[in-house]
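# quick one: sequence and predicted model below, then my questions.
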Amino acid sequence: MIGHYLIQILILSQVIYLINLVVTNVSSMFFIFYTLPGVIVSYFTERTGLIRNFVRSQTHLPVSILMPAYNEETTILNSARSLLGIEFNEYEIIIINDGSEDNTLEKLKEAFDLYPAPTPPYLPLEHERIRQVYHSHRHENLTVIDKENGGKADALNAGINLSRYPLLCSLDADTLLNRDAILKAVLLFTRDERVIAAGGSIGISNGSSFDEQGRIRLSLPRRLLERMQIIEYTRAFLAGRTFWSAVNGMLIISGAFGIFRKDIVMAIHGYRRTTGEDLDLLMRMRRHCYEQKLPHRVSFLPDIMCWTQAPSDYTSLLKQRNRWHRGLIESLYHNRRMLFNPRYGVVGLLTLPYYLLIEALNPLITFMGSISIIILYFAGLVNQDTIILFFMLEFIWGMALNIFSFWLEIFVRHSYPTRRIFRLLADSMLEPFYYKPLVKMEQLIATFTFLNQKWGKARRHEIGETPSEGAADTQVIPEVKG
Amino acid sequence: MQSDLIIHYAELGILLFLILSVGGLILLAWVKKLIDRYFARMEREKKRWRDLLRKAVETHATRIDPSPQSRREIIGCALALGEFTAATPAEYREFCRLIRQEKIDERLAEAYQHAFFGYRRAFFLSLLSDLPCSHQRPLYLKIIREESDQRFYSLAIYALSKTVGSPEEAEEFLQVLAETGPRHHLGRNYCEMLIFVAFRHLESDALAATIDQILAAPIRVHLLHCITEALGRFRQPGMSTLILRIYQAHSDNPELVAAAIRSLFLSRAEACGLVREALRREELPIRITCAKFGLDLCPSAADILAEMLRYFFDENHFVRQNIYRACLRHRIAKETILTLVKQHFPEKASDRFFREMMETYDVEGGVSA
């Protein structure tokens, strides 16, 4: 009797696994084909003089750039300097030292000649105590906040409190921004007043170097783990987010680079202290807009806006993925009222169910499916052909999807040369056997530990420190100048 | 048996799928290479036509010599023309004449209308949008009225803004903008940029006539706000009379008053009377802007300083920050501020934030007496 029920459960998990697999792959393919014409149109229209006139007229909205930093002494100066050289007329940079235990603050003080400035008496958003606010003698638009440690969300709230401008740009301390990134993203806000948030693709800078003008010299990293993440980012940003943006169902703007409307952020009381603060913020912003019946859009540019360092060791990678997955589940749980709720439009009926069924539960379903297929095979209930079919669905189709993602990658600015793309594709053959199981297992662990609020700390390298492929590309320029 | 067959075909299908995806990638990589080569060729064409155009404009030639003939030459010439910015209205008219003479806009408009794929239409429209030529106005108006895609709309309205050369055209443009902008949720700053581009080629008399026409007709305040901001972007003192004219007609709107103050500052104008009026207003946008630019709008900061110091004790942090920075910018001595505060706001002299600001005033570059 128990055996009968067990077999029923195993078969059921097989069916769920199969459905999940087919839906995941078909939806990803649909995203890519839906997105391709739009990406090509962008490629053809970016040469217009519109941006030139936009710069000349200086009619764009000013931006407050917020950069939280916790123990970032190795990267903070490069990032801050790259920000001081961006192509934009009116902006301020607010670096928030979130109680760093290393020399982050000292390095900033020394490099930018900081001096203490008055702290505002009334701050609308809550956060840990501000020790001191600093301004720079050298750069009028640079502010540094030294506060007690409270996490990234807390640091960003402190930055929002001191920001002056109607748009907020959140950046990671290890992010290097393209010089025209802010300009391009702000153009989205000015073209369409409904836009409440905008983001762009994030490139992985591991293995690459930067020239004196801050332009990247793209090169592939030598470590397979880092190259795997390039493949993963390409798939996630180009296939996924471009589609969600096109149907106005976008829910994630990466914490590494995103621009938000300050009035909406203030209306939802800023960031919430959670592991996936970027996802959570946008979800609550959209929820607020739907509830207040505000017409709104979240835009996404397929162009690479900034470069970030991907984890180069297994421990950092798994910690990061664990955190992302916990953040996803936590945000879905917090905003569960929106799920399958027609009041929340595309987000309630399409995006959130997708994130729940395809993203959040996927590791669990894959694990159950893989275990059950092995048991069923040894019990003689499935034949070899079925096993092969499952293998092909999971791995070969997955490989094909990677290839389709590179269809989009070809039409993106700052993309890799064709020969590098084929190199990445060769690597992607290994993804199902080496990288995917690793990440899926960690996500599975995260599924059961999502109440854990710990962040984990990735090991940081100075820009250009990570080894790259090919001797010609290994030139390291330690400072990105404006 | 049947299920085995299904599995077999499914496996074959997936393999075929993989092969097709690789084939597609190779094909697309090749297409991209061709496109890049095409753009590189266009870049070379552009450079060639840039030199020829410069020569034609400098010598006031009746034609570009040699005339562009093929589609490639037309595109190259259009790219080169798009990069030129007419310094004067006369130069703008010279450009328009050359474009008409060589029928560049006509050929591009034809290519746009016959293009089958969206990306090609977008490409030709983006080329057209960079040409200052009013002959294609009907086409732009058609796109603006009929196109539902925001990308095409924003390109077409931008193209229309570049064709404005007379008060009548400016009026028509503003009317179209007022009618269609809200439908496409056009942002305020984008409107400002469009108006800035549209007004750039108007002579000062024509611009004054346009403003008079606008003020005489019922118009949305949103658009007036954009016009006021756009006038400031010219950064010319001559614009101040026009800005003041708009301000006087709509001084009840706080957003418009703030825009006027900002634009007058950008125009380097003197408008101490307006600042005094603004000092009596309690609306936040006016307080923020007046605190920031008020001192700049008076011939001597000392004339207005005593009144402006009230902003040091405003309930809003940004108002206080703005007056603090304005005083620093005008190098007003710390002692002067302290004396005036003691005279005019004795009960506020011990305000914690004010004290903190005064403590850092010298460090930030303030002047001690």
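Yes, it's here.
# and residue A:300, which of the three is it?
Applying DSSP: H, G, I helix; E, B strand; the rest coil to residue A:300 yields a three-state assignment of strand.
# that one: neighbour count?
27 (other C-beta atoms under 10 Å in any protein chain shown). All C-beta spots, glycine's among them, are computed from the backbone N, C-alpha and C.
# on the pLDDT front, check it for me.
Note for residue A:300: predicted pLDDT of 89.
# for it, which non-adjacent residue is closest in space?
Leaving aside its chain neighbours, residue A:300 sits nearest to residue A:245 (3.5 Å; criterion: C-beta to C-beta, 6 or more residues apart in numbering or on different chains).
# list the contacts for the closest residue to residue B:50 other than its chain neighbours?
Residue nearest to residue B:50 in three dimensions, not counting chain neighbours: residue B:80, with 4.2 Å by C-beta to C-beta, 6+ apart. Contacts for residue B:80 (C-beta atoms under 8 Å, 6 or more residues apart in numbering or on different chains) come out as B:45-47, B:49-50, B:53.
# follow-up on the earlier one: so who does the residue nearest to residue A:300 touch?
Residue A:245 makes contact with A:298-300, according to C-beta under 8 Å, 6+ apart.
# and residue A:433, how close does it get to chain B?
For residue A:433, the distance to chain B equals 16 Å [C-beta to the nearest C-beta, to the nearest Å].
# where along chain A do the strands fall?
A:63-69, A:91-98, A:114-117, A:130-136, A:142-147, A:167-171, A:176-177, A:195-204, A:209-210, A:216-217, A:257-261, A:297-308 (DSSP state E).
# which stretches of chain A have low pLDDT?
For chain A, the stretches with pLDDT under 70 are A:1, A:45-57, A:121, A:212-214, A:413-414, A:450-482.
# what's the closest non-adjacent residue to the residue nearest the centre of it?
Compute the mean C-alpha point of chain A, and by C-alpha atoms, centre = their mean the closest residue is residue A:254, 2.9 Å away. In this structure, residue A:254 finds its nearest non-sequential neighbour in residue A:202, 5.3 Å apart by C-beta to C-beta, 6+ apart.
# the one you found contacts residue A:234, correct?
No. Look at residue A:202 against residue A:234 with C-beta atoms under 8 Å: they stay out of range, at 10.5 Å.
# number of nearby residues for the closest residue to residue A:325 other than its chain neighbours?
Nearest residue to residue A:325 in three dimensions, chain neighbours excluded: residue A:446, at 3.7 Å (C-beta to C-beta, 6+ apart). Counted with other C-beta under 10 Å, residues neighbouring residue A:446 total 24.
# cool, residue A:131 as well?
A count of nearby residues for residue A:131, using other C-beta under 10 Å, gives 14.
# and it, what does it touch?
With C-beta under 8 Å, 6+ apart, residue A:131 has these contacts: A:146-148.
# mind checking which of these are buried?
Neighbour counting by 16 or more other C-beta atoms under 10 Å in any protein chain shown classes A:146-147 among these as buried.
# how about the strands in chain B?
Counting by DSSP E, chain B has no strands at all.
# tell me the domain boundaries of it?
Chain B breaks down into these structural domains: B:40-163, B:164-255 (assignment by automatic domain parsing).
# just send the ones you listed back as JSON lines, with mean pLDDT too.
Supplementary listing: the domains of chain B in JSON lines, determined by pLDDT from 0 to 100:
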{"stretch": "domain B:40-163", "mean pLDDT": "83"}
{"stretch": "domain B:164-255", "mean pLDDT": "88"}
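# format those as CSV; extra columns: distance to residue A:287.
Below are the domains of chain B laid out as CSV (distance: least, C-beta to C-beta, whole Å):
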stretch, distance to residue A:287
domain B:40-163, 24
domain B:164-255, 20
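# list the buried residues of stretch A:79-93.
For stretch A:79-93, by 16+ other C-beta under 10 Å, it's A:79-84, A:86, A:88, A:91-93.
# next one: stretch A:262-273
A:262, A:264-265, A:268, A:270-272.
# among these, which lie within helices?
Among the buried residues of stretch A:262-273, DSSP state H puts A:262, A:264-265 in helices.
# looking at those residues, spot the one nearest chain B.
Top of the list for closeness to chain B, among these and by C-beta to the nearest C-beta, is residue A:262 at 11.8 Å.
# check contacts around that closest one.
By C-beta under 8 Å, 6+ apart, residue A:262 lies in contact with A:64, A:160, A:163, A:165-168.
# out of those residues, which are buried?
Buried subset of these (neighbour count, 16+ other C-beta under 10 Å): A:64, A:160, A:163, A:167-168.
# can you tell me which two in those residues are farthest apart?
Spatially, the most separated pair among the buried ones among the contacts of residue A:262 is A:160 and A:167, at 11.4 Å (C-beta to C-beta).
# and stretch A:78-88, how far out from the chain middle?
Relative to its chain's centre, stretch A:78-88 lies at 20 Å (C-alpha atoms, centre = their mean, to the nearest Å).
# now distance to residue B:159 too, for the buried ones among the contacts of residue A:262, in JSON lines please.
Below are the buried ones among the contacts of residue A:262 laid out as JSON lines (distance: C-beta to C-beta, whole Å):
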{"residue": "A:64", "distance to residue B:159": "33"}
{"residue": "A:160", "distance to residue B:159": "38"}
{"residue": "A:163", "distance to residue B:159": "36"}
{"residue": "A:167", "distance to residue B:159": "27"}
{"residue": "A:168", "distance to residue B:159": "32"}
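# follow-up on the earlier one: pretty sure the residue nearest to the centre of chain A contacts residue A:198?
No. Contact criterion C-beta under 8 Å: residue A:254 and residue A:198 do not qualify, at 11.4 Å.
# tell me who's in contact with residue 35.
Chain wasn't specified; assuming chain A. Residue A:35 sits next to A:238-239, A:242-243, A:246, A:302, A:408 when contact means C-beta under 8 Å, 6+ apart.
# actually chain B
Listed by C-beta under 8 Å, 6+ apart, the contact partners of residue B:35 are residue A:43.
# coming back round to it: mind putting the contacts of residue A:262 into JSON lines with distance to chain B?
As requested, those are exported to JSON lines (distance: C-beta to the nearest C-beta, whole Å):
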{"residue": "A:64", "distance to chain B": "12"}
{"residue": "A:160", "distance to chain B": "13"}
{"residue": "A:163", "distance to chain B": "10"}
{"residue": "A:165", "distance to chain B": "10"}
{"residue": "A:166", "distance to chain B": "10"}
{"residue": "A:167", "distance to chain B": "11"}
{"residue": "A:168", "distance to chain B": "15"}
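# against residue A:151, how distant is residue B:254?
39 Å (C-beta to C-beta, to the nearest Å).
# I'd like to know how far the residue nearest to residue A:272 when sequence neighbours are not counted sits from chain B.
Nearest residue to residue A:272, sequence neighbours excluded (C-beta to C-beta, 6+ apart): residue A:280, at 5.4 Å. Separation of residue A:280 from chain B (C-beta to the nearest C-beta) stands at 26 Å.
# likewise residue A:230?
Plainly put, residue A:230 is 16 Å away from chain B if you go by C-beta to the nearest C-beta.
# go on, residue A:412?
According to C-beta to the nearest C-beta, residue A:412 stands 10 Å off from chain B.
# so who does that residue touch?
A:39, A:43, A:201, A:238, A:302-304.
# please apply the same query to residue A:91.
Taking C-beta under 8 Å, 6+ apart as the test, what residue A:91 contacts is A:62-65, A:141, A:165, A:182.
# farthest-separated two in the residues you listed?
Maximum distance among the contacts of residue A:91 (C-beta to C-beta): 12.7 Å, for A:141 and A:182.
# who has more neighbours out of these two?
Between residue A:141 and residue A:182, residue A:182 has the larger neighbour count (other C-beta under 10 Å), namely 25 against 17.
# what's the closest non-adjacent residue to that one?
residue A:88 (4.9 Å).
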